[in-house]
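Visitor: Predicted structure and sequence below. I'll ask about it afterward.
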Amino acid sequence: MKIDIHELLNKSEIVFRGEEVISLLEHNLSDQTHDYKVNVEGKVTKQGNRYLVQGTLSSTLKLLCDRCMKEVEYPIHTELYRVFSSDLNEQHQDEDVTPLTESSVDLSDAINEAIALEIPMKVLCKEDCKGICHACGQDLNVTSCTCEKADIDPRLEKLKNIFHPQSEE
Ligand SMILES: [Zn+2]
Ligand SMILES: [Zn+2]
């Protein structure tokens, strides 16, 4: 998303609103990307050689549950903040300043970075997600399986041996 800053010659600020489509790596399928639509709202103000962009971003990401790999909708509301400068000296002194090379500010990187920062380290479809059985691959939120029961309760395992003694060597 680019915002034309020509108007700041005779205005104190530019208010903008729009949509940006960004491409993010899937958080636990790192070889795949997913496109997301981000609602962007904000303003650009001029302070000397600097152009200050402040705004808000909102989007809904689709993340995969860490335990069962089910898709989880994850709403995001975060802030957009970036400083651009056309002054070369200032660009060298301050790493947080983005160089301005044309008569518009390009917000695409800032939007991408701000949204990527909001992706949580751990994603669960629900607090007590039971996940997928490692033995048979069934979703244990939907169904239960016998292999899982044997793992969970060692007392049951003992009973099983009493009724079905392991005779074969
Ligand atoms: Zn889950
Ligand atoms: Zn199982």
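Guide: Good, I have the coordinates. Ligands and ions are numbered 1, 2, ... in the order given.
Visitor: C-alpha from now on. contacts and neighbour counts both.
Guide: Noted.
Visitor: elements contacting the lengthiest strand in the chain?
Guide: For the chain, the strand that runs over the most residues, judged by DSSP state E, is strand 29-47. Counting contacts by 3 or more C-alpha pairs under 8 Å, 6 or more residues apart in numbering; DSSP states H and E, the secondary-structure elements packed against strand 29-47 are strand 13-26, strand 50-64.
Visitor: Past the last one, which element shows up next along the chain?
Guide: Same thing as strand 50-64. Following strand 50-64 in sequence order, the next helix or strand is strand 71-85 (DSSP states H and E).
Visitor: quick check, that next one touching ligand 1?
Guide: No. Strand 71-85 lies apart from ligand 1 when judged by C-alpha under 5 Å from the ion; the minimum separation is 8.3 Å.
Visitor: State the pLDDT value of the residue in the chain that ligand 2 sits nearest to.
Guide: Across the chain, no residue is closer to ligand 2 than C136, which sits at 4.0 Å (C-alpha to the ion). At C136, the model reports a pLDDT of 91.
Visitor: on that earlier part again, now do the longest strand of the chain, average pLDDT.
Guide: Mean pLDDT, computed over strand 29-47, is 90.
Visitor: So what touches that strand?
Guide: 5, 8, 12-26, 51-61, 80 (C-alpha atoms under 8 Å, 6 or more residues apart in numbering).
Visitor: can I get the CA coordinates of that strand in CSV?
Guide: The C-alpha coordinates for strand 29-47 follow below in CSV (Å, rounded to 0.1, in the frame of the first residue of the first chain):
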residue,chain,number,x,y,z
LEU,A,29,4.0,-25.4,7.9
SER,A,30,7.0,-23.2,7.1
ASP,A,31,7.2,-24.1,3.5
GLN,A,32,3.7,-22.7,2.7
THR,A,33,2.4,-19.2,2.6
HIS,A,34,-1.2,-17.9,3.1
ASP,A,35,-2.6,-14.7,1.8
TYR,A,36,-4.5,-12.5,4.2
LYS,A,37,-6.6,-9.3,3.7
VAL,A,38,-5.7,-6.6,6.2
ASN,A,39,-7.8,-3.6,6.9
VAL,A,40,-5.6,-0.5,7.2
GLU,A,41,-6.5,2.8,8.7
GLY,A,42,-4.4,5.7,9.7
LYS,A,43,-2.8,9.1,9.0
VAL,A,44,0.5,10.6,7.7
THR,A,45,1.8,13.7,9.3
LYS,A,46,4.9,15.8,8.3
GLN,A,47,7.4,16.8,11.0
